[in-house]
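One predicted model, sequence on top.
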Amino acid sequence: MNSQPSSLRIAVTGAAGLLGQALIATLRGRGHVVIAGVHHARPSWPENVTLLPLDLTEPRSTTQFATSAQADWIIHAAAMTDVDRCESEPASAERVNRDATRDLISAISQTQTRMVYLSTDYVFDGRDGPYSEDDPPNPINVYGRTKYEGECAVREAPDGHVIVRSASFLGIGGPRRPTFIERMLQTMRDHPPLRAAHDQRGNITPVDFLALAIAELLERGLGGVWHVAGREIVSRYDLAVAVARMFDLLSTAVARCNYAELGRPAKRPLNGGLIVTKAETTVSARCDGLALSLRKWKDGLADRIV
């Protein structure tokens, strides 16, 4: 298979999600044929995007999607990402994050289709971050474990597949599916103070930047493991303060705390983060930096929240 064709046939799981939508827009803008895996069709899908049914909880549906797509690449962006829900529903997390990945890999094992698997910084324990691609994973919650088990399924397949680890997406969610940073803002404005952990640190990643980097990786046929995220590593508290200042909220809108005080069901990697040097020196996609990315995010909210 030509590693740098002018146009590729690319299937995307999780097409209705924040990253999925960014991927579809980016890939279409670069002239690729896009197949979207969807659980429920909706009238607002872009033209020239082929829709295929996909239910990751059903092995037959997952296999049929991979077979029918006949894609050069499958970008597997779908996942059960609610960390606390994964902790309370481990069987569901295993089915979606681990088993569906195995099903997809099995379905394409005898074809020329290659996979980009979206993973997470939560595969690390957060004791001594930030982490490079060569550091050994050691997940401390169900979400991280099931995503790492998905990684293992990809690693056990023949060479040529890609694992992209990223962290904390920055983008504009749908009215019924706000992103974590939009929920932070809503709490600060409507029900202050927002309690934000000063001891939980990680990268913040604009989804448009991530989609562009993924597109370049697959266009160039680059395999292996890649960390793609915003370079800056910040605490949840510092992020919340930056957002509060951006929206001219009072300092009392944010309350500093330890992560343990939040009483969440799942542990989080605290001293975490991803080292992104490998990607920065290889692909041309660049993150604008957290401050500029936040300003762009704020501008994007103008018609909905602000």
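On my side now, so go ahead.

Against residue 121, how distant is residue 283?
18 Å (Cβ to Cβ, to the nearest Å). Every C-beta, even on glycine, is put in place using the N, C-alpha and C of the backbone.

An error on my part: the question was meant for residue 107.
28 Å.

So those two - more neighbours on which side?
Higher neighbour count among residue 107 and residue 121: residue 121, with 25 against 20, using other Cβ atoms under 10 Å.

what's the helix or strand containing residue 28 packed up against?
Residue 28 belongs to helix 18-29 when assigned by DSSP states H and E. Applying 3 or more Cβ pairs under 8 Å, 6 or more residues apart in numbering; DSSP states H and E, we find helix 18-29 packed against strand 9-13, strand 33-38, helix 207-219.

Any buried residues in that helix, and which?
18-24, 26-28 (16 or more other Cβ atoms under 10 Å).

thinking again about what came up before, which of the helices and strands packed on helix 18-29 sits closest to residue 64?
When the helices and strands packed on helix 18-29 are compared by Cβ to Cβ, strand 33-38 sits nearest residue 64, at 10.4 Å.

Contacts for the helix or strand following that closest one next, please.
Counting by DSSP H and E, the next helix or strand C-terminal to strand 33-38 is strand 49-53. Residues from elsewhere that reach strand 49-53 (Cβ atoms under 8 Å, 6 or more residues apart in numbering): 11, 24, 28, 33-39, 41, 45, 61, 64-65, 68-69.

now the angle between strand 33-38 and strand 49-53, please.
For strand 49-53 against strand 33-38, the angle by axes from the mean of the first three to the mean of the last three Cα atoms, to 10 degrees is 30 degrees.

for strand 49-53, what is the average pLDDT?
Across strand 49-53, pLDDT averages out at 95.

For the protein, which segments count as strands?
9-13, 33-38, 49-53, 73-76, 114-120, 162-166, 169-170, 194-197, 201-203, 205-206, 224-227, 233-235, 254-257 (DSSP state E).

Now tabulate these in CSV and tack on mean neighbour count and distance to residue 142.
Converted to CSV, these look like this (neighbours: other Cβ atoms under 10 Å; distance: least, Cβ to Cβ, whole Å):
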stretch, mean neighbour count, distance to residue 142
strand 9-13, 26, 20
strand 33-38, 22, 24
strand 49-53, 15, 27
strand 73-76, 28, 19
strand 114-120, 24, 12
strand 162-166, 24, 17
strand 169-170, 23, 20
strand 194-197, 21, 20
strand 201-203, 25, 18
strand 205-206, 24, 22
strand 224-227, 20, 22
strand 233-235, 20, 24
strand 254-257, 19, 24
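
need those in CSV with distance to residue 137, can you?
As requested, the strands of the chain are exported to CSV (distance: least, Cβ to Cβ, whole Å):
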stretch, distance to residue 137
strand 9-13, 22
strand 33-38, 26
strand 49-53, 31
strand 73-76, 18
strand 114-120, 9
strand 162-166, 9
strand 169-170, 20
strand 194-197, 22
strand 201-203, 15
strand 205-206, 19
strand 224-227, 10
strand 233-235, 18
strand 254-257, 28
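
What values do phi and psi take at the nearest residue to residue 186 once chain neighbours are set aside?
Once flanking residues are discounted, residue 186 sits nearest to residue 178: 6.8 Å by Cβ to Cβ, 6 or more residues apart in numbering. Backbone torsions for residue 178, taken as degrees, to the nearest 10, come to phi -70, psi 150.

Residue 178 and residue 187 touch, don't they?
No - the pair residue 178 / residue 187 is not scored as a contact, 10.6 Å apart, by Cβ atoms under 8 Å.

Am I right that residue 86 is in contact with residue 94?
No - in this structure residue 86 lies outside contact range of residue 94 using Cβ under 8 Å: 9.0 Å.

what residues are shared contacts of the two?
With Cβ under 8 Å, 6+ apart as the test, residue 86 and residue 94 both reach residue 146.

the more surrounded of the two?
residue 86 (26 against 18).

For the more buried one, which residues are in contact?
Here residue 86 is in contact with 80, 92-93, 97, 141-143, 146, 266 (criterion: Cβ under 8 Å, 6+ apart).

just those now: which is nearest residue 204?
For the contacts of residue 86, the nearest to residue 204 is residue 143 (18.1 Å; Cβ to Cβ).
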